[in-house]
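**Student:** structure for this input, please:
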Amino acid sequence: MNRNISGGLALIAALAAGAAHAQSNPTVGGAPMFENRSIVENAVNSPVHTTLVAAVKAAGLVETLSGAGPFTVFAPVNSGFAALPAGTVETLLMPENKDQLVKVLTAHVVAGDLSGGELMRDVMANGGQLELQTVSGDTLTVMQSGRGLALMDENGGTSVITTADVNQSNGVIHVVNQVLVPN
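**Tutor:** Residues are numbered from 1 along each chain as shown. Take a look at the predicted model:
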């Protein structure tokens, strides 16, 4: 084989491998998410998770979500918080409501590292629904929604996974479009 062709093929293969690796973790809100960073380290860089980050800080959960995990976090975007009844976020962020805020946030966290593929497989294997126990002790029901997945809280509120499999050093984030409200 001609050395130029061989070298060109090697370059194309290297670029393709590099592009595949670069695309292995999606961006969130246009911000790159790095697999070697923790859930908190990546979340603070996401422009669509500023309310979530403020809530995690107010709840005193930064250290926990920076820990070894692994955690699966269903991370609501800012518009999901904005869709809550007027004054809800402000009330939850008050120091006297810290316990309630912790409950709401930990109702979005499951112990373990559950990929979107694993969730879909388990949903299909369980007749279309899968119940997950959250760190708060609440139950989330995962179900198929079109070609993706949706979550339902114990109150019947639903949220759709809009970006799955944002891998972190201590787990995985699945971006969701609504806040799930525990009992």
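
**Student:** now Gly146: how far from His174?
**Tutor:** Going from Gly146 to His174 by CB to CB, to the nearest Å gives 15 Å. (C-beta placed from N, C-alpha, C; glycine too.)

**Student:** swap in Val104?
**Tutor:** Counting by CB to CB, the gap from Val104 to His174 is 17 Å.

**Student:** kindly report the same for Ala82.
**Tutor:** 20 Å.

**Student:** and the helices in the protein, which stretches?
**Tutor:** 3-22, 39-43, 50-59, 62-66, 78-82, 88-92, 98-106, 116-125 (DSSP state H).

**Student:** for Ala107, which non-adjacent residue is closest in space?
**Tutor:** In space, and not counting its chain neighbours, Ala107 is closest to Pro182: 3.9 Å by CB to CB, 6 or more residues apart in numbering.

**Student:** again, but for Asp113
**Tutor:** Pro70 (3.9 Å).

**Student:** show me the contacts for that neighbour.
**Tutor:** When contacts are counted by CB atoms under 8 Å, 6 or more residues apart in numbering, Pro70 touches 111-113, 170-172.

**Student:** could you rerun that using 10 Å?
**Tutor:** Pro70 sits next to 39, 110-114, 168-172 when contact means CB atoms under 10 Å, 6 or more residues apart in numbering.

**Student:** how much space between Ala31 and Asn42?
**Tutor:** Counting by CB to CB, the gap from Ala31 to Asn42 is 8 Å.

**Student:** look at Ile12 and report its pLDDT.
**Tutor:** If you check Ile12, the pLDDT there is 34.

**Student:** pretty sure Arg37 contacts Gln168?
**Tutor:** Yes - Arg37 is within contact range of Gln168, at 6.5 Å (criterion: CB atoms under 10 Å).

**Student:** which residues are in contact with both of those two?
**Tutor:** With CB under 10 Å, 6+ apart, Arg37 and Gln168 have common neighbours Ala43.

**Student:** more crowded one of these two?
**Tutor:** Legend: neighbour count by other CB atoms under 10 Å for Arg37 and Gln168, higher for Gln168 (26 against 18).

**Student:** what about Gly171, how many neighbours?
**Tutor:** If we define neighbours as other CB under 10 Å, then Gly171 has 23 of them.

**Student:** partners of it in the sheet?
**Tutor:** Phe71, Gln168 (DSSP bridges).

**Student:** and it, what does it touch?
**Tutor:** 38-39, 65, 67-73, 109-114.

**Student:** quick check: it vs Ser115, distance?
**Tutor:** Applying CB to CB, the value for Gly171 to Ser115 is 10 Å.
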